[in-house]
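Peer 1: quick one: sequence plus predicted model below, questions after.
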Amino acid sequence: MFLGIPKGTIPGPIERATGDPGFSSPPAAIPRLTLFGPVAFPDTAMVPGIFSSIRGIASVSDPFSYTVDPRVFHFPRTGLLRYPLTPSPSLIRFAREVQESLEEICCNGGGSSPGAGIGWFLDHDPSSVPPARRAFGLPPAPDAHSHPVASNEDPRALPVAVEPLRVSILAGDRIFAEFDLPTGRWLVGDESRDTSVIRKTLQAFRRQRGYEVRPSGRSQGGNVFLISDLHLGHANGIPRFHRPFMRDDVEEMNHVLIRNWNHTVSKDDTVLFLGDLAFRSSVGVDDYLPHLAGKIIFIEGNHDPHLPTMLPDIRFAHDGIPFMAIHNPEELRGEWDGWLLHGHFHNTRPVEYPFFNPASRRVNVSAEVLGYRPVPLSYICRLIRTVQEPLTSLPGT
């Protein structure tokens, strides 16, 4: 199974192997979660039955994911890194049903499945090129019985959720076939790397997760919305912030972000935009603005060219709650006892800067934690009055 799309930064060197959904990397360099194996296929006539079985199991499964634990265990003798995983209940059921089905169809070559008395984990060798893909949850690595040392660059890091995209059948390091989870199709041979097919995979994923907004959800007017850090035109922003697009598909990203805005906001709404509209774009900020609906109050970000209409910050009250809006919360000067609305940190520091942090009275409205669409200020006011715990991202995204 593809490592998939993480919802944040995974601690340690494995982050370098997860900078995009995997489609821009050579197949051998993509970390994978092994659900079951190895498997012997004594007769190729079994393949259609395997395809049909996995498709049937996936079609009735709830969406599944897993989280990568922030603890990283280092084996000093070989340099191996081990990342514990926590699968969602639906992924556990999917793996179990796949195992049971394959055991009925074909001969198991003596392998195992995750959780079979071993646990779910990823072993990663950061010195290998391409990265070693030691199996998740399968027999321990060569020095697994030596004493690992807990290693973590940020001990306050949170587990990172990962949403898989495809289930692969591998023959050695070669992809034999892949089941595309968002589209429900089997892909054979070179079809799995075809760019038009990959775009359909990511588009279906975005639509299923609500990352592409339909026009029926547009406001009727008179509302206030917030969002920041669209980073239009920023190619490297796709892998850096784990956006669900092909690595160099900047025009598609721009199109979706602008359309999401316009399918949410009407011309009679107000949008507090908290900075960094574009970055490294061939199109200027003032050229993008006419294509965005609503009256825009633009808080200047660190990547924005200064325009006379931009503000460094703004203070106001809404529904009896005092707010201050600024791009980078670490640039706040002086005392402020109200709620701070900000962007800048995207989804990269969820402990300090989650979407909603009632303890510090901060709300991060970066595009990634909002599901790539503006959020109503009235919704944030409801959270302030009813929710006591921090939220890493907007509920439902």
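Peer 2: Arrived safely, thanks for sending. Numbers count the residues shown, from 1 in each chain.
Peer 1: list the helices and strands the host helix or strand of Ile169 packs on?
Peer 2: Using DSSP states H and E, Ile169 maps to strand 166-171. Counting contacts by 3 or more C-beta pairs under 8 Å, 6 or more residues apart in numbering; DSSP states H and E, strand 166-171 packs against helix 47-59, strand 174-180. In short, each C-beta sits where N, CA and C put it, glycine included.
Peer 1: weakest of the ones you listed in terms of mean pLDDT?
Peer 2: Sorting those by mean pLDDT places strand 174-180 lowest, at a mean of 87.
Peer 1: packing partners of that one?
Peer 2: helix 47-59, strand 166-171, strand 185-188.
Peer 1: what comes up buried for it?
Peer 2: Buried residues in strand 174-180, counted by 16 or more other C-beta atoms under 10 Å: Ile175, Ala177, Glu178, Phe179, Asp180.
Peer 1: so what's the third one bridging to?
Peer 2: The residues listed as beta-bridge partners of Glu178 by DSSP bridges are Ser168, Leu187.
Peer 1: low-confidence ranges, this protein, go.
Peer 2: 1-3, 11-32, 37-43, 78-80, 106-119, 122-156, 173 (pLDDT under 70).
Peer 1: name the helices or strands packed onto the lengthiest helix in it?
Peer 2: Longest helix of the chain, by residue count under DSSP state H: helix 89-105. Judged by 3+ C-beta pairs under 8 Å, 6+ apart, helix 89-105 is in contact with helix 47-59.
Peer 1: what sits up against the helix it packs on?
Peer 2: The contact list for helix 47-59 (C-beta atoms under 8 Å, 6 or more residues apart in numbering) reads 41, 94, 97-98, 101-102, 105-106, 167, 169, 177, 179, 181, 184, 186.
Peer 1: how far is that helix from where the chain is centred?
Peer 2: Centroid separation for helix 47-59 versus its chain: 27 Å, with C-alpha atoms, centre = their mean, to the nearest Å.
Peer 1: before we move on, back to that, wait, which of the helices and strands packed on strand 166-171 is closest to Arg385?
Peer 2: helix 47-59 (40.4 Å; C-beta to C-beta).
Peer 1: list the buried residues in the helix or strand that comes right after that closest one.
Peer 2: Note on helix 47-59: by DSSP H and E, the next helix or strand toward the C-terminus is strand 66-68. Across strand 66-68, burial judged by 16+ other C-beta under 10 Å covers Tyr66, Thr67, Val68.
Peer 1: tell me how far the longest helix of the chain lies from the chain's centre.
Peer 2: 25 Å.
Peer 1: between it and helix 47-59, how big is the angle?
Peer 2: Between helix 89-105 and helix 47-59, the angle comes out at 160 degrees (axes from the mean of the first three to the mean of the last three C-alpha atoms, to 10 degrees).
Peer 1: next, the buried residues of helix 89-105.
Peer 2: Leu91, Ile92, Arg93, Phe94, Ala95, Arg96, Glu97, Val98, Gln99, Ser101, Leu102.
Peer 1: next, count neighbours for the residue lying closest to the third one once chain neighbours are set aside.
Peer 2: The one in question is Arg93. Nearest non-adjacent residue to Arg93, counting by C-beta to C-beta, 6 or more residues apart in numbering: Ser61, 6.9 Å away. Counted with other C-beta atoms under 10 Å, residues neighbouring Ser61 total 15.
Peer 1: how close does Ser61 sit to Val351?
Peer 2: Per C-beta to C-beta, to the nearest Å, Ser61 is found 31 Å from Val351.
Peer 1: ends of stretch 208-220, what's the gap?
Peer 2: 24 Å (C-alpha to C-alpha, to the nearest Å).
Peer 1: the residue nearest to Arg93: what's it in contact with?
Peer 2: Ser90, Arg93, Phe94.
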